[in-house]
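Enquirer: Here's my sequence, what's the structure:
(2 chains)
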Amino acid sequence: MSDDSGAVVVRDLVKRYPKRDVNAVDGLTFSVEPGEIFGLLGPNGAGKTTTVGVLTTRVRPTAGEVYLAGVDVRRNPVAARAVLAVVPQGSNLDRSLTPRQNLIFHAAYHGVPRAERRARARDLLDQFGLADRADDKVNWYSGGMAQRLMIARALMHEPRVLFLDEPTTGLDPQVRRFVWDRVLQMRERGVTIVLTTHDMDEAATLCDRVGIVDHGRLLALDTPAALIKELAGVQNGHGTLEDVFLRLTGREMR
Amino acid sequence: MTTADALSSAEAADVTADALSSAEAAKHVSGLPVGAATAARAFRAILWRDIYVTGKEFWVLLIQVAVTPLFMLFIFAKVLGTMSIISPRYGHLLLPGIVALSTFLAALQSVALPLVMEFGFTKEIEDRLLAPLPTALVAVEKLVVATMRGMVSATIMYPVGALVIGSAPWRPEGLALMAGMLILGAWTGGAVGMTIGTFVPPNRINIMFGLIIVPIMFTGAVQYPWPSLDQLRWFQVVTAANPLTYCSEGVRAAVVPDVPHIPVGLSALALTGFALVFSTIGVIGFRRRAVS
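Expert: Predicted coordinates for the structure are as follows:
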């Protein structure tokens, strides 16, 4: 295929889990340009997590094509893992290791040479304000510290595509701002970022483009400003992304 | 522990990890690192992580491997022997079985419960599942570590067991056979553990330990030579289905060959068969949990 050169390319993606009547992802198509921050928005159960699961090699697609930095994820998940990193919503830090060791071992898994991984760990712990607590037990970390450490860990092997799953849910405003600043910095360095969020303010602030999904299908895809202009349905010109979201996905709770 | 101590231990871990992977690490480039060299490097790194954590939490392994078998040895050989309820020579029959048991169980326990926890609750394994190597190799790495932990257990149990009963059978010419049977037994124990850890639902794991581990302990020819069960045919058939039986019989053949035992070739063949079957099932279960 010649059009698989975007940082993320998803084409006609379908995922149906065993013993389910409906597709969790139902013909999703979108692409993300290198260095772009792309937001995937949708109600709970819309198919966001499954889509990210396919992109990060943890969910096997039923049909469709998925490429990351030109790597066919279905055919070569091992190569895909070398170019991606994931920051999950809940902590999956290695509790048997210290925070510093979490970073160093992660880099070792990805083949970063020793001197480099130690230097990167030092720099990232410093940047993320964790240098003083780098050798604590992971269990002693607050939610905000764990989140910062997971983002730092994701950056240890210099991924080309970074997936952030609701990166600021449950965090205080200080940490939320800190995470936003780091995400914007990563974009400046050329990292492509795909984030899922329920925080419309976050999506509007960070994302270059936003895709709104529901029932496994893409309902709209554009810049936040264009979506608000075209779809908010508010006459006075003060619509928000939340207006767009509710208009497209309805007000019924799932 | 001071920060400096912690830092130096982290660095020590890192240095050794690097010693394991330096040749491959030198090949790292900023482009797409793919292929066998990348996978081999990732395999060594996750292997080193498990070895490092095992060393850091060695007391956990000691408790896992030593408590149950040592109590069994103490009661059956020492207490009952002192009371003249059983022959004083029974200890020499029991010790090889106990070494086989602790090796098998150490390997099983180092995989089963940790996998249930890591897949079901802590999600700690995810970082390793996203390392650039095939998922099946992450499972194989778990079996390698289980085998190593099983062998550490055997190395501890033999002399400690000898101290408990006051003497031990010793036959240097049987050492290679004993090591071979224990390695096979440990691998099989790890594979059984992986099968349990990936197929049993997390909320049922406590019940399954009672239903699986206790029967394994008592139907594995640990406390009796298998050929002597010919008066209790049905039980002999039941024990033949337990892979531990062949490990116990193999170790006994190596250490106390005068005690009736299953022919060594047959034990090795059966244990290899069990290892292959449970490794296949375990790796399939692991992949099912890792990739949905």
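Enquirer: buried ones in whatever helix or strand B:V99 lives in?
Expert: Per DSSP states H and E, B:V99 falls inside helix B:90-117. Buried residues in helix B:90-117, counted by 16 or more other Cβ atoms under 10 Å in any protein chain shown: B:90-117. For the C-beta atoms, the positions are set from N, CA and C on the backbone; glycine is no exception.
Enquirer: Which residue comes closest to A:A63 once chain neighbours are left out?
Expert: A:V14 (4.2 Å; Cβ to Cβ, 6 or more residues apart in numbering or on different chains).
Enquirer: if we can go back for a sec, ok, and what's touching whichever helix or strand comes after the helix holding B:V99?
Expert: Heading C-terminal from helix B:90-117, the first helix or strand you meet, by DSSP H and E, is helix B:126-129. Here helix B:126-129 makes contact (Cβ atoms under 8 Å, 6 or more residues apart in numbering or on different chains) with A:58, A:86, A:88, A:92-94, A:102, A:106, A:109, A:153, B:46, B:49, B:135, B:138, B:290.
Enquirer: CA-only coordinates of stretch B:46-54, as CSV, when you get a sec.
Expert: This file holds the C-alpha atoms of stretch B:46-54, laid out as CSV (Å, rounded to 0.1, in the frame of the first residue of the first chain):
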residue,chain,number,x,y,z
ILE,B,46,13.1,-9.5,30.9
LEU,B,47,15.0,-12.6,32.1
TRP,B,48,17.4,-10.4,34.0
ARG,B,49,14.5,-8.5,35.5
ASP,B,50,13.0,-11.7,36.9
ILE,B,51,16.4,-12.9,38.2
TYR,B,52,17.0,-9.5,39.8
VAL,B,53,13.6,-9.5,41.5
THR,B,54,14.1,-13.1,42.6
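Enquirer: Could I get the average pLDDT for it?
Expert: Averaging pLDDT along stretch B:46-54 yields 95.
Enquirer: check contacts around A:I193.
Expert: A:36-38, A:161-164, A:183, A:186-187.
Enquirer: Buried residues, the strand or helix carrying it. List them.
Expert: Secondary structure assignment for A:I193, by DSSP H and E: strand A:192-196. Using 16+ other Cβ under 10 Å as the test for burial, strand A:192-196 gives A:192-196.
Enquirer: And the pLDDT at A:D4?
Expert: pLDDT, A:D4: 63.
Enquirer: cool, and B:A36?
Expert: Per-residue pLDDT puts B:A36 at 86.
Enquirer: residues touching the residue nearest to A:A63, list them.
Expert: A:23, A:25-28, A:61-64, A:216.
Enquirer: a markdown table please, covering those and showing secondary structure, pLDDT and neighbour count.
Expert: Below are the contacts of A:V14 laid out as a markdown table (DSSP: H, G, I helix; E, B strand; the rest coil; pLDDT from 0 to 100; neighbours: other Cβ atoms under 10 Å in any protein chain shown):
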| residue | secondary structure | pLDDT | neighbour count |
| --- | --- | --- | --- |
| A:N23 | coil | 91 | 20 |
| A:V25 | strand | 92 | 29 |
| A:D26 | strand | 93 | 18 |
| A:G27 | strand | 93 | 14 |
| A:L28 | strand | 94 | 25 |
| A:P61 | coil | 96 | 22 |
| A:T62 | coil | 96 | 15 |
| A:A63 | strand | 96 | 13 |
| A:G64 | strand | 96 | 17 |
| A:G216 | coil | 91 | 23 |
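Enquirer: returning to what we had before: mind checking which of the contacts of helix B:126-129 are in helices?
Expert: Judged by DSSP state H, those include A:102, A:106, A:109, A:153, B:46, B:49, B:135, B:138, B:290 as members of helices.
Enquirer: where does the chain have low pLDDT?
Expert: If you meant another chain, say so; for now it's chain A. A:1-5, A:231-237, A:251, A:253-254 (pLDDT under 70).
Enquirer: meant chain B, my bad for not saying
Expert: For chain B, residues meeting the criterion pLDDT under 70 lie at B:1-34.
Enquirer: Tell me how far the spatially most central residue of it lies from B:P243.
Expert: Of all residues in chain B, the one closest to the mean position by Cα atoms, centre = their mean is B:A107, 1.8 Å from it. Look at B:A107 and B:P243: by Cβ to Cβ, to the nearest Å, they are 11 Å apart.
Enquirer: and what of A:L162?
Expert: When A:L162 is compared with B:P243 (using Cβ to Cβ), they lie 45 Å apart.
Enquirer: I would like the residues contacting stretch B:221-231, please.
Expert: So stretch B:221-231 is in contact with B:72, B:76, B:93-94, B:97-98, B:100-101, B:235-236, B:239-240, B:242, B:244-245, B:248-249, B:252, B:259-262, going by Cβ under 8 Å, 6+ apart.
Enquirer: Now it - C-alpha only, PDB.
Expert: Taking C-alpha atoms only, stretch B:221-231 is exported to PDB below (Å, rounded to 0.1, in the frame of the first residue of the first chain):
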ATOM      1  CA  ALA B 221       5.100 -40.700  44.500                       C
ATOM      2  CA  VAL B 222       6.800 -38.300  46.900                       C
ATOM      3  CA  GLN B 223       6.200 -40.400  50.000                       C
ATOM      4  CA  TYR B 224       6.200 -43.900  48.400                       C
ATOM      5  CA  PRO B 225       7.800 -45.600  45.500                       C
ATOM      6  CA  TRP B 226       5.400 -46.000  42.600                       C
ATOM      7  CA  PRO B 227       6.000 -49.700  41.900                       C
ATOM      8  CA  SER B 228       5.100 -50.600  45.500                       C
ATOM      9  CA  LEU B 229       1.500 -49.400  44.900                       C
ATOM     10  CA  ASP B 230       0.700 -52.500  42.900                       C
ATOM     11  CA  GLN B 231      -1.400 -53.700  45.800                       C
END
